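J.: sequence unavailable; structure follows:
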């Protein structure tokens, strides 16, 4: 399979039959959420965590956000931490096969955090 066909197949994966939006592919989901897709088929999402975390990977089901500000807010709110002082934001470069879309976007497979 050619690279371009592979990218297109990731974005064409149907993730669910949404009760309001109907049948929707990953590409349509990203477009509806105004998440830009890079020319190589990747896109950027964010995950916030306490600066004290020493984990070197993110697990399946990890919550992701579309903005750094949201990542900071969600990571801080339930831990009573300061979003600006106590939280670091990890930038993730993902493909359509890396996510489970929905009300909240989550990881579909583990993600190794690079240094």
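T.: Yep, that arrived. Keep in mind that this is a model prediction, so the values were computed, not measured.

J.: how many residues are close by residue 63?
T.: Other residues lying near residue 63 total 16 when counted by other Cβ atoms under 10 Å. Where C-beta positions appear, they are placed from N, C-alpha and C, glycine not excepted.

J.: what sits against it?
T.: Contacts for residue 63 were tallied using Cβ atoms under 8 Å, 6 or more residues apart in numbering; they are 47, 74, 104-106.

J.: what is the nearest of those residues to residue 38?
T.: When those are ranked by distance to residue 38 (Cβ to Cβ), residue 105 comes first, at 16.6 Å.

J.: show me where this protein dips below the pLDDT cut-off.
T.: Scanning the chain for pLDDT under 70 picks out the ranges 1-9, 13-18, 21, 115.

J.: ok, which stretches of it are helices?
T.: Listed in chain order, the helices of the chain (DSSP state H) span 3-11, 26-32, 68-77.

J.: got these as TSV, with distance to residue 89 and mean neighbour count columns?
T.: Converted to TSV, the helices of the chain look like this (distance: least, Cβ to Cβ, whole Å; neighbours: other Cβ atoms under 10 Å):
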stretch	distance to residue 89	mean neighbour count
helix 3-11	25	14
helix 26-32	20	18
helix 68-77	5	18
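
J.: which one of these lies nearest to residue 86?
T.: Nearest to residue 86 among those is helix 68-77; the distance by Cβ to Cβ comes to 6.4 Å.

J.: list the residues that contact residue 42.
T.: By Cβ under 8 Å, 6+ apart, the residues touching residue 42 are 93-95.
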